[in-house]
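Undergrad: could you look at this predicted model? Sequence included:
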Amino acid sequence: MASRTRRHGAPNGAGGAARRRRLPMRLLLPSLILVALMAMLMLRGYVHSEILADHRIQPEASADRVPEKILEGGPVIDTRSGRTTSLRVPDHRLVLTFDDGPDPQWTPKVLDVLKKHHAHAVFFVTGTMASRYPHLVQRMVDEGHEVGLHTFNHPDLSFQSKKRIDWELSQNQLALAGAAGIRTSLFRPPYSSFADAMDNKSWPVTQYIGKRGYITVVNNTDSEDWRKPGVDAIVRQATPKGGKGAIVLMHDSGGDRHQTVQALDRFLPEMKKKGYAFRNLTEALDAPSAHTPVAGVELAKGQAWTFLVQASDEITDVLVVCLAIIGVLVFARFGLMLLLSVFHARRTRRPDFSWGPPVTEPVSVLVPAYNEAKCIEATVRSLMRSEHPIEVIVIDDGSSDGTARIVEDMGLPNVRVVRQVNAGKPAALNRGVANARHHLIVMMDGDTVFEPGTVGELVQPFGDPRVGAVAGNAKVGNKDSLIGAWQHIEYVMGFNLDRRMYDVLGCMPTIPGAVGAFRRSALKGVGGMSDDTLAEDTDITMALHRDGWRVVYAENARAWTEAPESVQQLWSQRYRWSYGTMQAIWKHRRSVVERGPSGRFGRVGLPFVSLFMVVAPLLAPLIDVFLLYGLVFGPTEKTILAWLGVLAIQLICAAYAFRLDREKMTHLISLPLQQILYRQLMYVVLLQSWITALTGGRLRWQKLRRTGVVGSAPETVPSARTNAGGGDRRPVA
């Protein structure tokens, strides 16, 4: 038998163990997507100075170790190859410099003014901005301006190690290479000022920068435009005295720069009339260009970098929009669920509420069973306690564990066993319908137990002749484990609040396989149970809507089912549910454009099911991804408050749902953990279903392993409504 599990020629031992340890694709692909998403967020945070940013500024220090000729020299400092020299700009030459860009709003306006007046300038760009707006850097180069480095993240380099300084320079050059295909030898330190402001903290940095091959450029004329003092003040402060040359400091980023643009438009023609020429730095110094073209691997790396930054920005922006949409959908759904659930509960719990004449006729209960030996006896015995007259038909779908024999050996009155070769649940149910004696048919799972009043409550809505099917209240019987508690919350809060909402809206998407009732004529009208999808319960419900039948919810028709007790079993169940739901939506897609009952369901029910059962859960992990990002990189307090706010709303909805279902609130303790872990599992399951659907894969039926832990229905609060027919109801003799 072991050889069947190995490929031909595969060795035993380590090779087999390695294959067994291989991560399944259903886990690998979603994990890779989440990792890629986090990587994009990290990259975006890095280029937006949210990660690794250092905003400390060094206070003034002593300057006794700075050479006198630097302190008294010009704004261009050259410490390359052991030199310690400085240069001044010749008279009547102005070098306009702009820091902190490029900015998508203000840099184009600055460039337009420079082009208008035929002037050149030097732009000291940060790597973060150059990475995000590479087209502006390319425009600077194309229009004859010079570009210099201003570090990547704009830290005060006197606080940084040599390794961090190298990183800031190399990343800044990488951004330039990707943006314009160049390197530059010009550098301006962040928070720099005049040469005479050099001190014992900044001078060693300047020396090290020179050893790396850069010329440090400070300024000797500060327009102080960053203060926004007004156009007149900017022009006055930018004007050098006595016709001297100058390097003028301005900014094209870092805030509102409309005063800078207006001042520049006035400053340029005025200074030209005074005989000044506006050159870039190397032109003003009659030196070779500071730009060096890059090619080959260096160019490819730069282009790859800017591409990734652009992609991360765009994709993250899309994700933020998706997150906003999810937020709106989640809150809208909660609000709608609460509002319509209150309406549904008040309507159905009124003392005078009635579906119509009491339904007392006997009912056929169908129990499809495949290898349910551990559960089937408890299921059948729970039906024998029914207060409504019933016949029980157990359809054994080719079980190999003696399920049919167990039922036959019980020797119970009015319980029949129908055997068939394994053909699947839809075929078993159709076989049961064909063998049923009565017009009203109840369907349940072989691992489910009913309360004595369940069948009676389930069929009362058939007093309304418009009702073709009824969804019961499926509840988790094994809720003592953590996974069971999570599913218990999901069943009570999600499924049953949803069903109340869908009942009021008239577009119930699913009659649960664990507890549902049908008119035989309604089933016959839509062709019975279909095996076109893996969610035959959703498929038949949608078909009934399209055929004009009402599908309603009976909250007191409680059934206790055994929920999966392991992650693997839960995975298998939800994978089938989500994939089957997608199949059902696709199968009934034409109802969107049809008329009559089918069109009403298609334009109301299908969008609701698609949004809340397919799209929203797929995008829901964005909440946790952005939560994690916000916790690590801030704003931490706002992130925590936002998440707690969402959790509080969910807790309110859950508490209300538990109150409606008369459930103990103690299980809600695990709700926070459910929101973090359980949602990720559901996301991975749904993503795998999407992949299966998009690739045209075919998912086979996956049988869950049962333990028989749900032996009987727990003691529950009796229904507020008395039995419709009165008297003592027992199985039909």
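TA: Arrived safely, thanks for sending.
Undergrad: give me the number of residues near Lys69?
TA: By other Cβ atoms under 10 Å, the residues close to Lys69 number 12. No exception for glycine: its C-beta is placed from N, CA and C like everyone else's.
Undergrad: ditto for Val433
TA: Neighbours around Val433, by other Cβ under 10 Å: 20.
Undergrad: which element, helix or strand, includes it?
TA: Using DSSP states H and E, Val433 sits within helix 425-435.
Undergrad: give the contact list for the closest residue to Leu505 other than its chain neighbours.
TA: Leaving out its chain neighbours, the residue that sits closest to Leu505 by Cβ to Cβ, 6 or more residues apart in numbering is Val604, at 6.3 Å. Shown in contact with Val604 (Cβ atoms under 8 Å, 6 or more residues apart in numbering): Leu505, Gly506, Cys507.
Undergrad: ok, Gly45 next?
TA: Taking Cβ under 8 Å, 6+ apart, we find Gly45 in contact with Ile51, Tyr629, Phe633.
Undergrad: from those, list the buried ones, please.
TA: Ile51, Tyr629, Phe633 (16 or more other Cβ atoms under 10 Å).
Undergrad: can I get these in JSON lines with pLDDT and secondary structure?
TA: Below are the buried ones among the contacts of Gly45 laid out as JSON lines (pLDDT from 0 to 100; DSSP: H, G, I helix; E, B strand; the rest coil):
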{"residue": "Ile51", "pLDDT": "77", "secondary structure": "coil"}
{"residue": "Tyr629", "pLDDT": "76", "secondary structure": "helix"}
{"residue": "Phe633", "pLDDT": "72", "secondary structure": "helix"}
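Undergrad: how close does Ser481 get to Val567?
TA: Relative to Val567, Ser481 is positioned 11 Å away (Cβ to Cβ, to the nearest Å).
Undergrad: and if you look at Pro102?
TA: Taking Cβ to Cβ as the measure, Pro102 falls 50 Å from Val567.
Undergrad: ok, Gln674 next?
TA: According to Cβ to Cβ, Gln674 and Val567 sit 13 Å apart.
Undergrad: most residues in a single helix of the chain, which one?
TA: helix 296-348 (DSSP state H).
Undergrad: what's the mean pLDDT across that helix?
TA: The average pLDDT within helix 296-348 is 87.
Undergrad: same question, stretch 655-670
TA: Regarding stretch 655-670, the rounded mean pLDDT is 85.
Undergrad: can you give me the first-to-last residue distance of it?
TA: 13 Å (Cα to Cα, to the nearest Å).
Undergrad: residues in contact with it: which ones?
TA: By Cβ under 8 Å, 6+ apart, stretch 655-670 touches 338, 341, 345, 473, 475, 479, 482, 485-486, 488-489, 492-493, 496-497, 500, 555, 651, 654, 716-717.
Undergrad: selecting buried members of the residues you listed in ChimeraX, what would you type?
TA: Per 16+ other Cβ under 10 Å, the buried members of the contacts of stretch 655-670 correspond to this ChimeraX selection:
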select :338,341,473,475,479,485,486,488,489,492,493,496,497,500,555,651,654
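Undergrad: in strands only, show me the contacts of stretch 655-670.
TA: Counted as lying in strands by DSSP state E, out of the contacts of stretch 655-670, are Asn473, Lys475, Glu555.
Undergrad: which residues does the first one form beta bridges with?
TA: Spelled out, that is Asn473. Arg558 (DSSP bridges).
Undergrad: so what's it scoring on pLDDT?
TA: As predicted, Asn473 sits at a pLDDT of 92.
Undergrad: equivalent analysis for Val141, please.
TA: At Val141, the model reports a pLDDT of 97.
Undergrad: touching, it and Arg183? I think so.
TA: No - when contacts are counted by Cβ atoms under 8 Å, Val141 is not listed as touching Arg183 (11.7 Å).
Undergrad: what do the two both touch?
TA: His291.
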